[in-house]
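J.: the following block contains a protein sequence and its predicted model.
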Amino acid sequence: MPAGEFALSRTLDTVPNLEFEIERVVESGEETVMPLLWVRGADEQRVAEALAADPSIDEMELLAAFDTEWLYRMEWIDQVDLLLRMVTNHDATVLDAYGWRDRWKLRVMYPDRNELSGVSEFCNSHGLSFDVESVREMDGEPAGRYGLTSEQFDALTAAAERGLFEVPRGVTVEELAGEFDVSHQAMSERIRRGTGALVEDTLLIGMAGGD
């Protein structure tokens with residue numbers, strides 16, 4: 001969603017290459033808040049000045065400071081809270097959120113597809129932009145939680161359990177391929193693509209492939 005319709009738009013606009021990553025989402029009915037936020041991409045003084053002048057912030061507190069990133073607790077204005085309640089209504093949960101340049105990306109888990117449709121209808125009726133980039137059906141399979149195919153999930157799980165990622169290795173890709181009755185190339189691709197999907201789905205918060 002556009003940062004101008006969500007939060008911290010002025011800060012993202014005035015400080016190039018600044019990044020926001022939501023560390024934790026606390027959900028409590030109509031009082032849903034997003035209190036813990038990592039900030040990266042600029043020096044501490046510039047970050048503090050930009051946040052202090054951002055009209056979407058009601059209150060904030062610096063919780064931890066490191067060399068290249070800072071952890072804040074923030075309370076946002078009512079307009080942001082309204083949008084958060086819209087996104088997290090009907091037992092939905094925000095798994096992660098990432099702000100960069102002029103937009104925010106959120107990954108939200110809904111109990112069923114109808115609830116997601118209700119959010120889209122709310123946005124349309126209130127003039128809010130809300131683009132759905134992808135929808136995954138979990139269907140009770142653990143692979144769906146991490147953006148993996150079932151084959152990638154099984155390959156990575158077996159690789160970890162058998163010690164492929166240990167030093168020295170406890171098993172080779174060739175041995176795993178034999179156990180799964182697939183070629184060495186097929187097993188190698190499953191592990192490589194699955195690892196890439198895990199990194200994108202966790203560390204990159206859905207921003208991989210952007211400019």
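T.: That came through, no problem. Numbering: from 1, shown residues only.
J.: which residue, neighbours along the chain excluded, lies closest to A48?
T.: Of all residues not flanking A48 in the chain, L62 sits nearest, at 7.6 Å (C-beta to C-beta, 6 or more residues apart in numbering). Just so you know, the C-beta spots here come from the backbone N, C-alpha and C atoms, and that holds for glycine as well.
J.: for that neighbour, give the beta-bridge partners.
T.: Beta-bridge partners recorded for L62 (DSSP bridges): Y72.
J.: you'd agree it is up against M74?
T.: No: assessed by C-beta atoms under 8 Å, L62 is found out of contact with M74, at 10.2 Å.
J.: okay, the two: which has more neighbours?
T.: Neighbour count, other C-beta atoms under 10 Å: between L62 and M74, M74 has more, with 23 against 14.
J.: look up the pLDDT of that one for me, please.
T.: For M74, the pLDDT comes out at 85.
J.: and for the one 5 residues further on?
T.: For Q79, the pLDDT comes out at 72.
J.: which SS class is it?
T.: In three-state terms, and counting by DSSP: H, G, I helix; E, B strand; the rest coil, Q79 is helix.
J.: any residues touching stretch 54-74, and which ones?
T.: Outside stretch 54-74, the residues that touch it by C-beta atoms under 8 Å, 6 or more residues apart in numbering are 6-11, 23, 34-40, 44, 47-48, 51, 75-77, 79-80.
J.: return the set of buried residues in it.
T.: The neighbour-count check on stretch 54-74 (16 or more other C-beta atoms under 10 Å) flags D54, S56, I57, M60, W70, L71, Y72, R73, M74 as buried.
J.: give the helix, strand or coil label for the residue lying closest to the second one once chain neighbours are set aside.
T.: Of all residues not flanking S56 in the chain, A7 sits nearest, at 4.6 Å (C-beta to C-beta, 6+ apart). Applying three-state DSSP to A7 yields a three-state assignment of coil.
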